[in-house]
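Q: this one's sequence-less:
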């Protein structure tokens, strides 16, 4: 009877870690959604709400760390149980970083609200929606211990990378066409990079799920499609009637 009680108590401890992860993930997903909406609608009030709400995610990560350390100290888990705690710690850290990136996007939105609306903000929104979908799917995979769904999320990071590279080129082109675009479009470049990094962290959570369920790292390397680090956009000489200006 005592043994059964200990097993149930341990299961409850692990379940509580999952509950914290689920709450953190839901908050991070909502933060990103609000940050993107604030950017598109130029809603400073909503952006400031996103910045303020990040404290809740930070507090939950601290609670997760404290409980995980207590479980390690008191239960001395092995095998599957140890993997569950390690995965929870790594996943909590990744979600906290996702929240930080959403907060950074919101901070840029406050600055961008001071300049006229920009067309590429819609492209940024599409990139953000891809990242949102990754977060939702990977959290579902984590809670359900669904390796197949986690693998799908891992593969989908390539789509976010490819869109980020395309957007990077587009924004550089706008900046070269008109020096007045440099400041606002630099902010958009950082926003796009923040979203790309959110995709990377969602992919990292997917790999945590695979480790948790399968007991090891994926056999194949993570697919990467972000080539913005190597992207060069050549400026075109200004022309007037097909002739170069003096």
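A: Thanks, I have the structure now. Not measured: the values here are computed from a predicted model.

Q: Low-confidence ranges, the protein, go.
A: 1-8, 219-246 (pLDDT under 70).

Q: Pick out the residue closest to the middle of it.
A: residue 198 (2.0 Å; Cα atoms, centre = their mean).

Q: for it, what are its contacts?
A: 32, 98, 101, 102, 131, 134, 135 (Cβ atoms under 8 Å, 6 or more residues apart in numbering). Quick note: C-beta positions are derived from backbone N, CA and C, even for glycine.

Q: got it, and residue 72?
A: residue 85.

Q: Repeat the analysis, applying 10 Å as the threshold.
A: By Cβ atoms under 10 Å, 6 or more residues apart in numbering, the contact list for residue 72 reads 81, 82, 85, 86, 89.

Q: what's the helix or strand for the residue nearest to residue 135 when sequence neighbours are not counted?
A: Take residue 135 and drop its neighbours on the chain: the residue closest to it by Cβ to Cβ, 6 or more residues apart in numbering is residue 29, 4.8 Å away. If you go by DSSP states H and E, residue 29 is part of helix 2-41.

Q: quick one: buried residues of that helix?
A: If you call a residue buried by 16 or more other Cβ atoms under 10 Å, then helix 2-41 has these buried ones: 13-14, 17, 20-21, 23-25, 27-39.

Q: cool, and stretch 119-130?
A: Those would be 120, 121, 123, 124, 125, 127, 128, 130, for stretch 119-130 by 16+ other Cβ under 10 Å.

Q: Just the closest of the residues you listed to residue 164, please.
A: residue 127 (6.4 Å; Cβ to Cβ).

Q: Separate out the buried members of the contacts of residue 72.
A: 81, 85, 86, 89.

Q: Correct me if wrong, but the first one is in a strand.
A: No: assigned with DSSP: H, G, I helix; E, B strand; the rest coil, residue 81 falls outside any strand and is helix.

Q: gap between it and residue 201?
A: Applying Cβ to Cβ, to the nearest Å, the value for residue 81 to residue 201 is 25 Å.

Q: just to revisit the earlier point, by contact count, what packs against the helix holding residue 29?
A: helix 44-75, helix 79-112, helix 121-144, helix 182-214 (3 or more Cβ pairs under 10 Å, 6 or more residues apart in numbering; DSSP states H and E).

Q: any chance of these in TSV, with distance to residue 9 too?
A: As requested, the helices and strands packed on helix 2-41 are exported to TSV (distance: least, Cβ to Cβ, whole Å):
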stretch	distance to residue 9
helix 44-75	9
helix 79-112	12
helix 121-144	21
helix 182-214	21
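
Q: Which one, of the ones you listed, ends up nearest to residue 163?
A: Across these, closest to residue 163 is helix 121-144 (Cβ to Cβ), at 5.2 Å.
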